[in-house]
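Peer 1: Need coordinates for the following:
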Amino acid sequence: MHVLVLNATYEPLQKVNLRHAIRMLVREVAVVEEAEEGRAIGAFPVPRVLRLVRYVAMRWRHGRRPPWSKRGVHLRDRGRCGYCGRRGDTVDHVHPQSRGGGNTWENTVLACGKCNNRKGNRTPAEAGLRLARTPRVPRWEELVGL
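Peer 2: The predicted model follows:
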């Protein structure tokens, strides 16, 4: 189970596991914003959402784009195939890696097994596929996994 951590200004920061969340409550660096009904761990309700007591500056986010990751592609594309819109389960390179395409936000989309097999080691145009939306660099908020 993961708990969403909000900054003091209610901006999403990250997700942490339940054990980490309880430690934050014990240290009094966070307060419970939303909890599960009727469940508690000792004196603390089981949290779903925590808010930090003090503001944490996120300088590392400003002016920098998020680093590419497979998990990030899944979150950005909301689990949907970039070609047909069905549930996607594979990260596909629009410009194949064998032809110099890299692991970048602009070159990867989520793909279902059918579209991924159909595209193979070709570009979408060569395979007769069209991208439903242009791959882009996501915002940091999209990668929190809300």
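
Peer 1: Number of residues surrounding residue 95?
Peer 2: 15 (other C-beta atoms under 10 Å). No exception for glycine: its C-beta is placed from N, CA and C like everyone else's.

Peer 1: can I assume it is in contact with residue 104?
Peer 2: No: under the criterion of C-beta atoms under 8 Å, residue 95 is not in contact with residue 104, lying 9.5 Å apart.

Peer 1: Find me the pLDDT at residue 104, would you?
Peer 2: Note on residue 104: pLDDT of 96.

Peer 1: can you pull the contacts of the spatially most central residue of the chain?
Peer 2: Residue closest to the average C-alpha location in the chain (C-alpha atoms, centre = their mean): residue 143, at 3.1 Å. The contact partners of residue 143, by C-beta atoms under 8 Å, 6 or more residues apart in numbering, come to 66, 72, 75, 76.

Peer 1: repeat that with 10 Å
Peer 2: Contact partners of residue 143, counting by C-beta atoms under 10 Å, 6 or more residues apart in numbering, are 12, 14, 66, 67, 69, 71, 72, 74, 75, 76.

Peer 1: Make sure it is indeed in a helix.
Peer 2: Yes: Residue 143: assigned to a helix according to DSSP: H, G, I helix; E, B strand; the rest coil.

Peer 1: picking that back up, for the contacts of residue 143, which one is nearest residue 46?
Peer 2: Set against residue 46, the nearest of the contacts of residue 143 by C-beta to C-beta is residue 14 (18.4 Å).

Peer 1: Sort out which residues of the longest strand belonging to the chain are buried, please.
Peer 2: Counting residues, the longest strand found in the chain (DSSP state E) is strand 30-41. For strand 30-41, burial by neighbour count (16 or more other C-beta atoms under 10 Å) applies to 30, 32, 35.

Peer 1: Of those residues, just say which sits nearest to residue 123.
Peer 2: residue 30 (47.5 Å).

Peer 1: and residue 54, what does it touch?
Peer 2: Going by C-beta under 10 Å, 6+ apart, residue 54 touches 7, 8, 29, 30.

Peer 1: in this structure, which helix or strand is least confident?
Peer 2: Least confident helix or strand of the chain, by mean pLDDT, DSSP states H and E, is strand 12-17 with a mean of 90.
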